[in-house]
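heads up, no residue letters with this:
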């Protein structure tokens with residue numbers, strides 16, 4: 001965890017706003033990936049969800065709900081694509097994420 005600046009420090013509020021903006025963009029991308037998955041466009045869904053992971057990289061940690069949701073959906077997408085290695089990888093990460101979230 002990083003050190004927090006005083007709440008009235010303008011830099012701290014910018015950092016907080018940045019994290020919230022990233023989470024909102026990630027949620028929007030995740031929603032698109034879900035719609036693509038539900039419509040059977042699995043390859044496009046996988047690409048969209050990998051983009052979501054790039055959006056969150058460095059901003060949201062494993063404990064964040066969006067990390068869990070994205071890896072869980074990616075495991076489902078990989079299963080639909082018969083990518084068993086991808087299922088194993090994303091399911092393991094999703095499990096780690098939910099464990100960190102619950103701690």
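Thanks, I have it. All values reported here derive from a predicted model rather than from experimental measurement.

rest of the way, CA atoms for contacts and neighbours
Fine.

In which helix or strand does the residue nearest the centre of the chain reside?
Using Cα atoms, centre = their mean, the residue of the chain that lies closest to the mean C-alpha position is residue 67, 3.2 Å off. For residue 67, the host element (DSSP states H and E) is helix 65-80.

Which strands or helices does that helix pack on?
helix 10-38, helix 42-56, helix 84-102 (3 or more Cα pairs under 8 Å, 6 or more residues apart in numbering; DSSP states H and E).

and residue 81, backbone torsions?
Dihedral pair for residue 81: phi -90, psi 10, per degrees, to the nearest 10.

Surely it is in contact with residue 42?
Yes. Using Cα atoms under 8 Å, residue 81 is in contact with residue 42, at 6.8 Å.

more neighbours, these two?
A side-by-side neighbour count of residue 81 and residue 42, using other Cα atoms under 10 Å, places residue 42 first with 22 against 15.

Surely that one touches residue 36?
Yes. Counting by Cα under 8 Å, residue 42 does reach residue 36; the two are 6.6 Å apart.

which residues are contacting the helix holding residue 67?
23, 26-27, 30, 34, 37, 42, 45-46, 49, 52-53, 56, 60-62, 84, 86-91, 93-95, 97-98, 101 (Cα atoms under 8 Å, 6 or more residues apart in numbering).

Mark which of those are buried, thanks.
23, 26-27, 30, 34, 37, 42, 45-46, 49, 52-53, 56, 60-62, 86-87, 90-91, 93-94, 97-98 (16 or more other Cα atoms under 10 Å).

Next up, the contacts around residue 98.
For residue 98, counting by Cα under 8 Å, 6+ apart, the contacting residues are 62, 63, 65, 68.

how does it look with 10 Å?
By Cα atoms under 10 Å, 6 or more residues apart in numbering, residue 98 lies in contact with 62, 63, 64, 65, 67, 68, 69, 72.

Looking at those residues, spot the one nearest residue 19.
residue 64 (10.9 Å; Cα to Cα).

Pretty sure that closest one sits against residue 58.
No. With contact defined as Cα atoms under 10 Å, residue 64 does not reach residue 58; the gap is 11.9 Å.

between those two, who's got more neighbours?
Taking other Cα under 10 Å, residue 64 and residue 58 do not tie; residue 64 has more neighbours (16 against 9).
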